[in-house]
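Peer 1: pasted the sequence and its predicted model underneath.
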Amino acid sequence: MVLGIIPARYASTRFPGKPLADIQGKSMIQRVYEAAQASKLMEVIVATDDVRIAEHVQNFGGKAVLTREDHPSGTDRCWEAFTSWAETHQAPESVQYVLNIQGDEPFLDPIQINELVDALDGEVELATQMIKVTSAETLHDPGEAKIVLNNKGEVMLFSRQAIPYLRNYPPQEWHLYHTYYRHVGMYAYRTDILQAITQLTLSSLEKAESLEQLRWLEAGYKIRMVETTYDSPCVDTPEDLEKVLKYLNA
């Protein structure tokens with residue numbers, strides 16, 4: 001079985017209180033929670049460091065777990081939330097995977113969650129999703145993590161740089177001659193792997209690219225990639241929220 005966890009911090013640097021932001025009568029965190037509830041996940045909980053978020057989730061009928069404030073990543077928050085959840089439930093060993101769901105994607109589609117859940121066969125250690133790159137702008141955007149795959153559908157490398165380098169074509173045309181993918185969406189962790197990766201220290205590749213998943217690769221863990229066509233917008237700033245509201249009101 002797969003447990004869904006939505007990490008939700010209140011003190012976001014760029015958008016404090018973001019999970020509680022109103023989007024046409026529902027908070028961002030409620031929209032994400034309801035999408036997750038409509039998927040194949042056995043249960044969904046919000047992992048938060050703030051009692052205001054926890055109370056809000058409980059008020060709309062959701063489940064929330066309070067976690068420490070000082071977690072360096074959503075992965076660490078997921079591990080604490082899972083251990084807290086396991087202490088209050090019978091047979092927690094029946095949960096084989098934890099799915100880390102981004103709490104700032106209010107238009108997440110349950111089908112996207114199901115695509116990832118369907119790939120979790122017990123052998124997979126870690127899994128996440130990718131989508132094809134269709135423009136030079138996206139390919140060369142350092143804000144997008146590109147992916148190099150092996151022939152088993154596992155990641156060889158994540159990079160903000162476009163890899164491979166196509167030496168016989170201009171960079172603005174690379175995506176026309178090679179299939180590139182970029183990272184999107186959620187992370188699925190087998191529970192024993194989730195515990196293990198939270199014990200890892202900062203790696204050299206992670207430090208260079210500022211991508212947490214490189215720490216796992218550098219330590220030798222395998223990450224299965226699942227292709228998707230769903231690409232829900234992420235709300236990082238108040239300006240992003242304004243764009244979303246204008247789109248909905250159009």
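Peer 2: Right, received. Where do you want to start? This one's a predicted model, so the numbers in the text were calculated from it and none came from an experiment.
Peer 1: show me the contacts for S135.
Peer 2: If you count contacts by C-beta atoms under 8 Å, 6 or more residues apart in numbering, S135 has them with H175. No exception for glycine: its C-beta is placed from N, CA and C like everyone else's.
Peer 1: phi and psi next, for it.
Peer 2: S135 adopts backbone torsions of phi -150, psi 150, taken as degrees, to the nearest 10.
Peer 1: how much space between the nearest residue to H183 once chain neighbours are set aside and L194?
Peer 2: Distance criterion C-beta to C-beta, 6 or more residues apart in numbering; nearest residue to H183, sequence neighbours excluded, is A145 at 4.2 Å. Counting by C-beta to C-beta, to the nearest Å, the separation of A145 from L194 is 20 Å.
Peer 1: which helix runs longest in the protein?
Peer 2: Longest among the helix segments of the chain by residue count, using DSSP state H, is helix 74-87.
Peer 1: what is that one packed up against?
Peer 2: Judged by 3 or more C-beta pairs under 8 Å, 6 or more residues apart in numbering; DSSP states H and E, helix 74-87 is in contact with strand 2-8, strand 43-48, strand 64-66, strand 97-100, strand 181-190, helix 191-197.
Peer 1: tell me which of those sits most buried.
Peer 2: Ranked by mean neighbour count under mean count of other C-beta atoms under 10 Å, those are led by strand 2-8, which reaches a mean of 26.
Peer 1: run through who's touching stretch 20-34.
Peer 2: 6, 8, 10, 15, 18-19, 44, 46, 52-53, 56-57, 60, 62, 101-108, 235, 241, 244-245, 248.
Peer 1: so how do I select the buried members of these in ChimeraX?
Peer 2: Buried residues among the contacts of stretch 20-34 (16 or more other C-beta atoms under 10 Å), as a ChimeraX selection:
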select :6,8,10,15,18,19,44,46,53,56,57,62,101,102,103,104,105,106,107,108,235,241,244
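Peer 1: now intersect the contacts of stretch 20-34 with the helices, please.
Peer 2: 52-53, 56-57, 241, 244-245, 248.
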